[in-house]
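>>> Could you look at this predicted model? Sequence included:
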Amino acid sequence: MKKLTILLLAALPMLVFSCKKDGGPVSVQTGDFSDVTVVSARLHGKLSSKDVPSDAVYGILISKKGGVGPDNADRILAAGCDSDGSFSVDTVGLSPSEPYFYRAFLEVAGRIKTGRERSFRTGELSDGRVVDLGLSVLWASCNVGATLPQEIGKYYAWGELTVKDYYSRTNYKWAGADKYGSGSGPKLPALEAEDDIARQQPGGDLRIPTEDELKELMDDATHVWTTYRGQAGRVVMSRSSDASIFLPAGGYKEGTELKKFGENGEYWSSTPWDSFYASIFEFLVPPGDKWLQKVAIMDRHLGLTIRAVKDKP
């Protein structure tokens, strides 16, 4: 069965694929859904005849609301077909824990036929305080200072334990050469427990991840940009199980200004670079720059979000 993968980032123009056969009128049926995850699904349809007119286009209409039609669908997708008229479409970038409604459609000479409306629901994010993504550590399900996955939580300067109204080098606790770094590089490999805000959380068993652990999260898990409960960010999925977490794109704070909210995710590591910088995990809203995610460095006095980890037993 032929299929086309479409990344659902914005309303897309209709892509045209046809079987390039001439013949009489045909109808279209909406098929089943399959392979549903927290952010994706495969949707099926079928044409009643393989003799599709050469000017025909067909595919799937999909929306978060019922009553899907050609004029109100949030997404218009098209797919190629097999010799029996069957086709399928893979949709990626759906919101977790949300219902979706869809119909197969066929358009010939400007006239549109649709199959009956069907629906499915995307999967749930993993439950629990921490989640096993099949990596070297367990990852918290919420940011530090948050109680729900979609909440941003609190912004902290690197190595500080309090939230501030103004984020500047002039009021940064570790401004200048300090125990963690000098102008020539780091002095300690990671934040000490007394300066790690994640370790101050109830239970005392969480910590800020190291640079290597952030790299592992970036390289060894699957990331998909989406929106969850109204908040833009990334779903991060295990490659060995159905486990998943959501990282909201909370941007960062400089001075009194909140920057790149809903566009960038900026997450501290516990690894210092020198007296000015520390390592971070950064991701951007697509299409963004030529890179969409990376481990980089950022000024330590800025206010960033934190996703804690827990060591495996």
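Ah, there it is. Being a predicted model, the structure only gives us computed values, none of them experimental.
>>> Can you pull out the low-pLDDT segments for the stretch 101-250 of the chain?
183-184 (pLDDT under 70).
>>> Tell me where the stretch 151-300 of the chain has helices.
In the stretch 151-300 of the chain, the segments counted as helices under DSSP state H, counting those that start in this stretch are 211-220.
>>> Okay, strands next: where are they in it?
181-182, 185-186, 222-228, 231-237, 244-248, 252-254, 257-259, 264-272, 277-284, 293-299 (DSSP state E, counting those that start in this stretch).
>>> Quick one: closest of the ones you listed to T114.
When these are compared by Cβ to Cβ, strand 222-228 sits nearest T114, at 26.4 Å. C-beta here means a position set from N, CA and C on the backbone, and glycine is covered the same way.
>>> Give me the sheet partners of the closest one and which way each runs.
Strands that pair with strand 222-228, judged by DSSP bridges, come out as strand 231-237 (antiparallel).
>>> any idea of the angle the strand it pairs with forms with strand 277-284?
Orientation check (axes from the mean of the first three to the mean of the last three Cα atoms, to 10 degrees): strand 231-237 against strand 277-284 gives 100 degrees.
>>> who touches strand 231-237?
With contacts defined as Cβ atoms under 8 Å, 6 or more residues apart in numbering, strand 231-237 is touched by 37-39, 96, 125, 133, 139, 150-152, 217, 221-228, 243-249, 262-263, 265, 283, 285.
>>> tell me the angle of that strand relative to strand 293-299?
Using the same axes, to 10 degrees: strand 231-237 against strand 293-299 is 120 degrees.
>>> I'd like the distance from strand 231-237 to the chain centre, please.
3 Å (Cα atoms, centre = their mean, to the nearest Å).
>>> again with stretch 220-230
1 Å.
>>> Residues in contact with it: which ones?
Under the contact criterion Cβ under 8 Å, 6+ apart, stretch 220-230 has outside partners 9, 39-40, 92-97, 125, 133-135, 148-150, 232-239, 246, 248, 283, 285-286, 292-293.
>>> Selecting buried members of those residues in ChimeraX, what would you type?
This is the ChimeraX syntax for the buried subset of the contacts of stretch 220-230, where burial follows 16 or more other Cβ atoms under 10 Å:
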select :39,40,92,93,94,95,96,125,133,135,149,150,232,233,234,235,236,237,238,246,248,283,285,293
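>>> circling back: just the buried members of the contacts of strand 231-237?
37-39, 96, 125, 133, 139, 150, 152, 217, 221, 223-228, 243-249, 265, 283, 285.
>>> In this model K215 seems to touch T271, though I could be wrong.
No: the criterion here is Cβ atoms under 8 Å, and T271 misses it with K215 at 10.2 Å.
>>> The two: who's more crowded?
A count of neighbours by other Cβ atoms under 10 Å puts T271 above the other of T271 and K215, at 24 against 16.
>>> who's in contact with that one?
So T271 contacts P186, P189, A190, T210, E211, D212, A278, S279 (Cβ under 8 Å, 6+ apart).
>>> Now for T30: which residues touch it?
Counting by Cβ under 8 Å, 6+ apart, T30 has contacts H44, G45, Y102, R103, A104, T114, G115, R116, E117, R118.
>>> List buried residues within the residues you listed.
Among these, the ones that count as buried (16+ other Cβ under 10 Å) are H44, G45, Y102, R103, A104, T114, G115, E117, R118.
>>> quick one: the second one and I62 touch, right?
No: using Cβ under 8 Å, G45 and I62 do not qualify as a contacting pair, with a distance of 11.5 Å.
>>> Please report how far G31 lies from F87.
8 Å (Cβ to Cβ, to the nearest Å).
>>> what touches both of these two?
H44, G45, K46.
>>> and the residues you listed as CSV, adding distance to D178, secondary structure and pLDDT?
Output for the shared contacts of G31 and F87, formatted as CSV (distance: Cβ to Cβ, whole Å; DSSP: H, G, I helix; E, B strand; the rest coil; pLDDT from 0 to 100):
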residue, distance to D178, secondary structure, pLDDT
H44, 60, strand, 96
G45, 62, strand, 95
K46, 67, strand, 94
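>>> Pick the one among these closest to P70.
Nearest to P70, judged by Cβ to Cβ, of those is G45 at 14.6 Å.
>>> With that, I have no additional questions.
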